[in-house]
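Student: have a look at this prediction, sequence included:
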Amino acid sequence: MFRFANTFSHLRRPTVSVKSFPIGARFLSDDLRARIDKAVQNHDVLVFMKGTKEAPQCGFSRAVVQVMNSQGVKYSTVNVLVDEEVRNGIKEYSAWPTIPQVYVKGEFVGGCDIVVSMMQSGDLTKLLVDKGLLGEEALKEK
């Protein structure tokens with residue numbers, strides 16, 4: 001009995017996973033902040049996502065693309081998979097831990113769950129109309 005318990009005692013010990021990043025590491029340099037600011041300010045609707053509009057590389061990014069397409073709004077994307085610095089830095093920039101991230105007229109709207117919820121409630125269409133990105137008729141269609 002004791003031998004059996006000792007054999008599996010290591011399974012009861014807590015394990016600690018330590019990332020290779022130093023404590024307090026910053027991913028958002030001043031240069032990267034300026035690059036992200038410029039991108040966010042230069043596009044009416046910008047989605048930081050994994051993959052592209054044409055080939056999303058995760059289900060959450062795919063869902064956001066489907067929502068944006070269903071809204072009929074013009075939007076641009078940044079594929080965070082091609083630049084690890086942007087992939088990590090955008091999370092610090094927005095203080096939001098996940099990707100995709102949606103920005104409208106320079107303001108962070110949210111990630112997949114928030115954008116899908118806003119679409120379902122009609123709040124996303126209202127936001128896009130209020131920001132001048134869709135006509136008033138969009139509210140009647142939804």
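Tutor: Received, thanks.
Student: hey, let's count contacts and neighbours off CA atoms from now on
Tutor: Noted.
Student: can you classify residue 88 by secondary structure?
Tutor: Under DSSP: H, G, I helix; E, B strand; the rest coil, residue 88 falls in the helix class.
Student: quick one: contacts for it?
Tutor: By CA atoms under 8 Å, 6 or more residues apart in numbering, the residues touching residue 88 are 27, 28.
Student: pull out the buried positions in stretch 41-55.
Tutor: For stretch 41-55, burial by neighbour count (16 or more other CA atoms under 10 Å) applies to 41, 43, 44, 45, 46, 47, 48, 49, 50, 51, 52, 53.
Student: distance of the third one relative to residue 83?
Tutor: Per CA to CA, to the nearest Å, residue 44 is found 22 Å from residue 83.
Student: returning to what we had before: okay, the buried residues of stretch 41-55 in JSON lines with secondary structure next?
Tutor: Output for these, formatted as JSON lines (three-state DSSP):
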{"residue": "41", "secondary structure": "helix"}
{"residue": "43", "secondary structure": "coil"}
{"residue": "44", "secondary structure": "coil"}
{"residue": "45", "secondary structure": "strand"}
{"residue": "46", "secondary structure": "strand"}
{"residue": "47", "secondary structure": "strand"}
{"residue": "48", "secondary structure": "strand"}
{"residue": "49", "secondary structure": "strand"}
{"residue": "50", "secondary structure": "coil"}
{"residue": "51", "secondary structure": "strand"}
{"residue": "52", "secondary structure": "coil"}
{"residue": "53", "secondary structure": "coil"}
